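In: Pasting the sequence and the predicted model now:
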Amino acid sequence: MCLEAIPPPPASVTRRGVLAGAAALAGTAALSGTATAASPSADPARGGGTPAGGDLVIRGGTLLDPATGEVTENAVVVITGGTVRAAGRAGTVAVPPGTPVLDAHGQWVLPGLVDAHIHLSTAAEARSALHQGATSARSGSTTFFQDIAVRELARHSPALAPRLTAAGVFVTPDLGDTVLADPDLTPLARLKDGVRSAEALRRVVEVNLARGADVIKTRVNERAGLPEQDPLAQVYSREQLAEIVSAARRRGKGVLCHSYSERGCHDAVTAGIRSLEHGVFVGERTLREMRRRDTYFTPTLTAIAGLAESADPVLAERGRAYLPVLKRAVLAAHELGVPLAAGTDSSGGTVRPIGREVELMRAAGLPALDALRTATTGAARLLGTERTVGRLARGFAGDAILVAGDPLSDLTILKHPTRVIRAGVPV
């Protein structure tokens, strides 16, 4: 069945957008009561979309730069208006008088971490991710555009959410109740075979982009986290995936693709996706193609390890079988030069620490510094924020975490940051 041509919905704020935002922000009033009095807010005179930011000096800790591996003892980081203005050894950095000071003596200071695959549908989930050190994130899609509202929450109130790259709704054959997320999606409910035709695929992409999505999320295989589904069953062909990629590229957007099977991974990569998600059975030929195309690999080791701990015997066996295969794929990707990004695939109200993903990257065989880069400089490059996220250097975002020891000696401490700073605001 063909769909009638529709003009792209308006990109400006609409009543639908306001309702989606209200759904995502439900309960925020209770959370906002926990924000400190020093937390800044957006200045209405500069427009509601202007990001907020605070002033802060982090003094006395050991600063680690993931880009270079350089370690600076007794360091000072000066954050003004949410942006790093200077960073270096004490005595070499001018500290503006009157700026609040955070004492970091005895602790290590790192840039905030990046979770490159997470599902944030509520304000509570966003706050939980932030408290666990994820000061930036990329959405793996939501059901009703909640991630777009979470992104705006993060811009106005840095202490409540990570800065977020939003994916909107999933481009998948069976949208389910997601057809109710926007009136422009409802005609898809009458399609006998679901979202499979070129017209239907383009419509979901176009509605996503009109609603403000930064990236597009799709799939090539069924889910591993549902016992009744076969993760190796392919749901879209290379040609269908290429249609999704083409529709996104016309608006300058990339595509992340949920994938498991060897063939599915290869079809997704050769269709032109920006990042391969999960990718348990990705083959060497596909990894070489990813290196050639600069396609990222986001293995979500944390999610696969979580399956092994499931009470469901099918899922537990699946996790136990998949995790060692995925670890080998991660190490092979690293050795071939495929860019890697850390992502927890947290969803459903359970937010896992991004530090766990870094720990598993190390367990897969990556050197400690390279494992850390998957959640800092590497992930920032995937998100297109490599000039502002992933380091604590002049001009970068004032996002930081403090940890109780040397992370390069013990990456497990990243799961329990002692302090989190977002845009110069202590969380």
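Out: Looks like it arrived, so ask away.
In: where along the stretch 251-400 of the chain do the helices fall?
Out: Assigned helices in the stretch 251-400 of the chain, in chain order: 262-271, 284-293, 301-308, 313-336, 354-363, 368-373, 377-383 (criterion: DSSP state H, counting those that start in this stretch).
In: Distance from the chain centre to the third one, please.
Out: When C-alpha coordinates are averaged (C-alpha atoms, centre = their mean, to the nearest Å), helix 301-308 and its chain have centres 17 Å apart.
In: Tell me how many other residues crowd residue 86.
Out: 17 (other C-beta atoms under 10 Å). (C-beta placed from N, C-alpha, C; glycine too.)
In: Identify each buried residue in the helix or strand that contains it, please.
Out: Assigned by DSSP states H and E, residue 86 belongs to strand 83-89. Neighbour counts over strand 83-89 (16 or more other C-beta atoms under 10 Å) mark 83, 84, 85, 86, 87 as buried.
In: Sort out which one of those lies nearest residue 236 for me.
Out: Closest approach between the buried residues of strand 83-89 and residue 236, by C-beta to C-beta: residue 83, at 41.2 Å.
In: measure that closest one to residue 178 for me?
Out: 37 Å (C-beta to C-beta, to the nearest Å).
In: isn't residue 296 right next to residue 383, touching?
Out: No - between residue 296 and residue 383 there is no contact under C-beta atoms under 8 Å: 9.9 Å.
In: Name the residues contacting each of the two.
Out: residue 116 (C-beta atoms under 8 Å, 6 or more residues apart in numbering).
In: Quick one: name whatever helix or strand follows the strand holding residue 86.
Out: Heading C-terminal from strand 83-89 (DSSP H and E), you reach strand 101-103.
In: after that next one, next one along is what?
Out: strand 108-111.
In: mean confidence score for that following strand?
Out: Strand 108-111 shows a mean pLDDT of 98.
In: Strand partners (parallel or antiparallel) of it?
Out: strand 56-64 (parallel), strand 400-403 (antiparallel) (DSSP bridges).
In: May I ask which helix or strand of the protein has the lowest mean pLDDT?
Out: helix 28-32 (a mean of 41; mean pLDDT, DSSP states H and E).
In: okay, now the closest residue to residue 282 other than its chain neighbours: neighbour count?
Out: Excluding the flanking residues, the one nearest residue 282 by C-beta to C-beta, 6 or more residues apart in numbering is residue 265, at 4.3 Å. As a burial measure, residue 265 scores 30 neighbours (other C-beta under 10 Å).
In: Pretty sure residue 265 sits against residue 277.
Out: No - Residue 265 lies out of contact with residue 277 (C-beta under 8 Å); the separation is 10.0 Å.
In: Find residues that contact each of these two.
Out: By C-beta under 8 Å, 6+ apart, residue 265 and residue 277 have these common neighbours: residue 259.
In: The one residue sitting closest to the centre of the chain in helix, strand or coil?
Out: When C-alpha atoms, centre = their mean is applied to the chain, the residue found nearest the centroid is residue 138 (2.3 Å). Residue 138 falls in the strand class when you classify it by DSSP: H, G, I helix; E, B strand; the rest coil.
In: Can you report how many residues neighbour the nearest residue to it once chain neighbours are set aside?
Out: Spatial nearest neighbour of residue 138, excluding adjacent residues (C-beta to C-beta, 6+ apart): residue 165 at 4.2 Å. Per other C-beta under 10 Å, the neighbour tally for residue 165 reads 22.
In: is it true that residue 165 touches residue 137?
Out: Yes - with contacts counted by C-beta under 8 Å, residue 165 reaches residue 137, the gap being 7.1 Å.
In: Quick check: which element contains the closest residue to residue 368 other than its chain neighbours?
Out: With C-beta to C-beta, 6+ apart as the criterion, residue 368 has its nearest non-adjacent residue at 4.6 Å, and that residue is residue 408. Using DSSP H and E, residue 408 is not contained in any helix or strand.
In: And residue 408, how close does it get to residue 373?
Out: Counting by C-beta to C-beta, the gap from residue 408 to residue 373 is 11 Å.
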